[in-house]
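Trainee: Sequence and predicted structure are below.
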Amino acid sequence: MLIRRYHIILLLMLTIAFSFGVSWIWEHGMEESVSMFLGIEYEAEFETVEKLKFVLTSTAFSILSLIVPGTLLTVLVGRLSTAYQRLLISEAETRRISEHDPLTGLANRRLLETELEKGFNPKLQFKLLSIDLDRFKSVNDMFGHAVGDRLLIEVADRVRSVVGERSCAARLGGDELAVLVYGDLDVSIAIADAIIESIQQPFKIGRVTVMIGCSIGMCCTDDATNPGELLKQADLALYEAKRQGGGAACCYQVGMLEAQNERSQFEVDMNVALESGQFYLAYQPVLHLFDNEICGYEALIRWEHPAHGNIPPVKFIPLAEETGQIVAIGRWVLEEACREAATWTNGIRVAVNISPVEFRSPLLFTHITSALAKSGLPANRLEIELTETAMVEDGPQIARVLTSLRSLGVSIAMDDFGTGYSSLAHLRDFPLDRIKIDRSFVATAATDRHSMAVVRAVTQIGRDLGIPILAEGVETESQMQLLRDIGCECAQGYLIGKPLPLMDKDLRAGRIDAGSGSRLRATC
């Protein structure tokens with residue numbers, strides 16, 4: 001129990017009162033009785049005034065005997081009390097710092113895990129939301145870490161305002177947050193949607209306005225047996241939300257862990273495939289519609305897995321982009337395509353797809369020039385394909401890379417035009433040598449007037465800008481004739497030829513079956 005100053009003062013006052021009382025009682029009766037009891041002669045000659053003087057003198061000596069140690073004791077107790085209060089405040093602050101993020105003031109991982117431990121009570125069910133900020137890295141890269149830190153603080157404030165005091169909002173590190181929501185699934189979904197909507201609103205950081213978003217993974221205590229498993233499940237749901245494009249919430253479902261394990265195994269398998277030669281290239285021909293001659297090939301990666309057989313690119317390319325393995329795989333594709341194209345006697349151009357992830361790598365230009373140098377392939381026989389999405393995400397950097405490549409003689413093609421953030425400004429701002437119309441428009445052009453309008457408009461724009469147009473996914477004679485009628489210059493698809501490996505004799509000879517039984521002659 002804490003001893004305070006007033007306790008000491010009260011004790012001193014009681015001591016003085018006690019001394020005064022004892023002296024008074026002694027002079028007014030007790031002295032005579034005690035003297036008689038002890039057989040000492042008692043002379044009752046003192047007057048009342050003398051007795052009072054004795055009482056006051058005794059009390060004064062009592063006060064003097066207590067004032068110095070009492071004062072010292074009072075000061076000591078006061079200082080000890082102050083030190084103790086400071087210790088309590090320091091301990092509380094230390095505990096707060098140890099349990100909260102110093103930048104945002106949100107709870108940290110330690111406090112979150114403590115709350116998770118409490119949550120494994122059947123009477124206290126909650127949902128865990130794992131939140132990851134979309135495009136936060138771009139803000140850091142573009143405006144610096146100071147703006148990034150202020151952005152995190154404002155994000156934390158918005159999350160706090162949405163979840164309220166009853167829920168625990170935490171920052172786990174970097175741009176990753178978590179929220180414990182007490183309530184049923186409907187409440188959790190409503191809060192998740194509110195967080196997404198709140199973070200999608202513009203942030204004003206000084207003179208800078210930034211736009212970001214967030215993805216959320218959700219799970220509940222019913223799905224896990226311990227806090228670690230709960231966090232893992234929330235991360236799995238978050239991964240799925242980001243895989244689906246981000247900007248949304250995804251609930252954990254049974255089977256996500258198995259899918260994650262499969263992806264992890266695929267990561268290992270891709271490294272092995274690159275080292276052991278399981279990857280190979282297949283080449284699909286491009287037909288010049290005006291003279292019915294092959295004018296190039298597109299190199300497409302294929303994976304022959306020793307246990308799973310042929311694995312389609314759509315299954316492993318997105319994963320390679322997520323893990324960053326696409327940079328090494330893309331370099332292999334470049335070197336292999338250039339090496340094999342250099343052996344073709346017809347001098348035809350080869351096209352290679354470049355991932356947006358590769359374009360963000362500072363080594364891309366070096367990889368391309370190295371592949372050309374090693375193979376001896378002339379730069380004007382290499383065409384680089386990239387999507388509109390890549391142009392939007394990293395426009396200025398990509399424009400610089402494309403300009404450098406074009407100065408070497410490498411051709412540039414925009415792939416899947418019309419499926420991304422389509423803008424005519426892309427055709428103006430980027431150095432392009434070819435535009436490829438996405439197969440979805442070609443497939444429905446004959447039956448859908450909107451698709452037909454897109455194909456016709458893009459073809460006309462290309463003609464006006466002097467940029468050749470290539471239509472993808474041509475599978476019927478009627479589609480090919482339609483493209484010829486509107487003036488589309490080139491076409492690619494199964495009607496013209498399926499992707500074939502280099503060992504195919506028709507590919508090596510530069511001849512492809514166009515589907516009608518005729519042979520098309522390859523030309524430079």
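Mentor: Yep, it's here.
Trainee: So the spatially most central residue of the chain, which state does it fall into?
Mentor: Per Cα atoms, centre = their mean, the C-alpha nearest to the average position across the chain is that of Asp132, at 4.3 Å. Counting by DSSP: H, G, I helix; E, B strand; the rest coil, the backbone at Asp132 sits in strand.
Trainee: residues in contact with it?
Mentor: Counting by Cβ atoms under 8 Å, 6 or more residues apart in numbering, Asp132 touches Asp175, Glu176, Leu177, Cys214, Ser215, Ile216, Leu238, Lys242. C-beta: built from backbone N, CA, C; applies to glycine.
Trainee: change it to 10 Å
Mentor: Residues near Asp132 by Cβ atoms under 10 Å, 6 or more residues apart in numbering: 172, 174-178, 213-217, 235, 238-239, 241-242, 246.
Trainee: same deal with Ile97?
Mentor: Contact partners of Ile97, counting by Cβ under 10 Å, 6+ apart, are Asn108.
Trainee: The one 10 residues further on now?
Mentor: By Cβ under 10 Å, 6+ apart, the residues touching Ala107 are 99-101, 113-115, 168-172, 177-180.
Trainee: now do Asn380
Mentor: Gly347, Arg349, Leu408, Gly409, Val410, Ser411.
Trainee: Show me those residues that map onto strands.
Mentor: Under the assignment DSSP state E, these contribute Arg349, Ser411 to strands.
Trainee: Most widely separated two among the contacts of Asn380?
Mentor: Within the contacts of Asn380, two members stand farthest from each other by Cβ to Cβ: Gly347 and Leu408, at 17.7 Å.
Trainee: Return the closest of the contacts of Asn380 with respect to Gly376.
Mentor: Closest to Gly376 out of the contacts of Asn380 is Gly347 (12.7 Å), distances taken as Cβ to Cβ.
Trainee: Now do the same contact list for Ile189.
Mentor: Shown in contact with Ile189 (Cβ under 10 Å, 6+ apart): Lys127, Leu129, Val181, Ile216, Met218, Ala249, Cys251.
Trainee: Report the secondary structure element holding it.
Mentor: helix 185-200 (DSSP states H and E).
Trainee: ok, now Ala399?
Mentor: Per DSSP H and E: helix 395-408 holds Ala399.
Trainee: Can you list the buried residues in that helix?
Mentor: Neighbour-count burial for helix 395-408 flags Ile398, Val401, Leu402, Leu405, Arg406 (criterion: 16 or more other Cβ atoms under 10 Å).
Trainee: Please apply the same query to stretch 362-374.
Mentor: Within stretch 362-374, the residues scored as buried using 16+ other Cβ under 10 Å are Leu364, His367, Ile368, Ala371, Leu372.
Trainee: The second one is in contact with Ala337, isn't it?
Mentor: No. Using Cβ atoms under 10 Å, His367 is not in contact with Ala337; the gap is 11.9 Å.
Trainee: chain center to stretch 348-362, what's the gap?
Mentor: Centre-to-centre, stretch 348-362 and its host chain are 25 Å apart (Cα atoms, centre = their mean, to the nearest Å).
Trainee: now the helices: where do they sit in the stretch 351-500 of the chain?
Mentor: For the stretch 351-500 of the chain, helices defined by DSSP state H, counting those that start in this stretch occupy the ranges 356-359, 364-375, 388-393, 395-408, 424-429, 439-444, 449-465, 477-486.
Trainee: So which of these is nearest Thr343?
Mentor: Thr343 lies closest, by Cβ to Cβ, to one member of the helices of the stretch 351-500 of the chain: helix 364-375, at 9.0 Å.
Trainee: contacting residues around that closest one?
Mentor: For helix 364-375, the external contacting residues (Cβ under 10 Å, 6+ apart) are 327-328, 330-343, 352, 354-355, 357-358, 361, 363, 377-379, 381-382, 384, 397-398, 400-401, 404-405, 408-410.
Trainee: chain center to that helix: distance?
Mentor: Relative to its chain's centre, helix 364-375 lies at 32 Å (Cα atoms, centre = their mean).
Trainee: Next: stretch 262-280.
Mentor: Centre to centre, stretch against its chain (Cα atoms, centre = their mean), the figure for stretch 262-280 is 25 Å.
Trainee: One more: stretch 358-368?
Mentor: How far stretch 358-368 lies from its chain's middle: 23 Å, per Cα atoms, centre = their mean.
Trainee: Keeping just the C-alphas, turn that stretch into CSV.
Mentor: Taking Å, rounded to 0.1, in the frame of the first residue of the first chain, the C-alpha atoms of stretch 358-368 are listed here in CSV:
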residue,chain,number,x,y,z
GLU,A,358,10.6,-8.0,-66.4
PHE,A,359,10.2,-4.4,-67.6
ARG,A,360,10.6,-3.3,-64.0
SER,A,361,13.9,-5.1,-63.8
PRO,A,362,16.9,-2.8,-64.5
LEU,A,363,18.6,-5.7,-66.2
LEU,A,364,16.1,-6.1,-69.0
PHE,A,365,18.0,-4.0,-71.5
THR,A,366,21.2,-5.9,-70.7
HIS,A,367,19.5,-9.3,-71.1
ILE,A,368,18.2,-8.4,-74.5
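Trainee: quick one: average pLDDT of that stretch?
Mentor: Across stretch 358-368, the average pLDDT comes to 90.
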